[in-house]
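**Q** just the structure for this:
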Amino acid sequence: YIHVSKERKQVALQMSLLNVKDPTIRRYTGISEWSLRYLWKVYRESGEVVRTPVCAGQHRILDSLNANFLEVCIEQQPDIYLTEMQDQLRETCSVKVSIATISRTIHRRGFTQKKV
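**A** Residues are numbered from 1 along each chain as shown. Reported below is the predicted structural model:
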């Protein structure tokens with residue numbers, strides 16, 4: 001696997017748009033046939049030469065269904081503890097996550113923890 005820079009991909013795309021033949025593009029840019037095909041596929045789908053993720057960072061451990069479950073728990077029992085939500089997630093959804101993950105998830109959903 002050889003990384004192809006965004007600039008080199010843009011050059012290859014411009015050459016293609018100017019009707020330069022594929023073998024010539026590959027010879028001058030050093031991009032493989034497979035990578036050139038993939039470049040065109042990405043360009044047709046997104047209008048860009050590189051894919052950009054929808055959201056940055058790691059994938060979420062809790063999906064939207066689990067996050068909705070946490071919201072329902074809070075709506076039904078506003079004074080619920082994070083440890084209780086953790087237990088309910090494990091028992092009801094078969095999902096084992098840390099208290100920190102639960103806390104971050106509910107904060108992203110707009111909930112805050114208020115000390116009385």
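**Q** all helices of the protein, in order?
**A** Along the chain, the segments classed as helices by DSSP state H run 6-17, 22-29, 33-46, 64-76, 82-88, 99-108.
**Q** turn these into TSV, columns for mean pLDDT and mean neighbour count.
**A** In short, each C-beta sits where N, CA and C put it, glycine included. Shown next, in TSV, are the helices of the chain (pLDDT from 0 to 100; neighbours: other C-beta atoms under 10 Å):
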stretch	mean pLDDT	mean neighbour count
helix 6-17	94	16
helix 22-29	94	14
helix 33-46	91	14
helix 64-76	91	14
helix 82-88	95	15
helix 99-108	91	15
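**Q** how about the ones you listed in JSON lines, adding distance to T52?
**A** Putting those into JSON lines (distance: least, C-beta to C-beta, whole Å) gives the following:
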{"stretch": "helix 6-17", "distance to T52": "11"}
{"stretch": "helix 22-29", "distance to T52": "21"}
{"stretch": "helix 33-46", "distance to T52": "8"}
{"stretch": "helix 64-76", "distance to T52": "21"}
{"stretch": "helix 82-88", "distance to T52": "33"}
{"stretch": "helix 99-108", "distance to T52": "21"}
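**Q** looking at the ones you listed, which is closest to Q58?
**A** Q58 sits nearest to helix 99-108 of all those, at 11.2 Å, using C-beta to C-beta.
**Q** alpha carbons of that closest one, in PDB - could you do that?
**A** Output of helix 99-108 as PDB, limited to C-alpha atoms (Å, rounded to 0.1, in the frame of the first residue of the first chain):
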ATOM      1  CA  ILE A  99     -19.800   5.200  33.700                       C
ATOM      2  CA  ALA A 100     -17.700   7.700  31.900                       C
ATOM      3  CA  THR A 101     -19.200   6.500  28.600                       C
ATOM      4  CA  ILE A 102     -22.700   6.900  29.900                       C
ATOM      5  CA  SER A 103     -21.900  10.400  31.300                       C
ATOM      6  CA  ARG A 104     -20.400  11.500  27.900                       C
ATOM      7  CA  THR A 105     -23.400  10.100  26.000                       C
ATOM      8  CA  ILE A 106     -26.000  11.900  28.100                       C
ATOM      9  CA  HIS A 107     -24.000  15.100  28.000                       C
ATOM     10  CA  ARG A 108     -23.900  14.900  24.200                       C
END
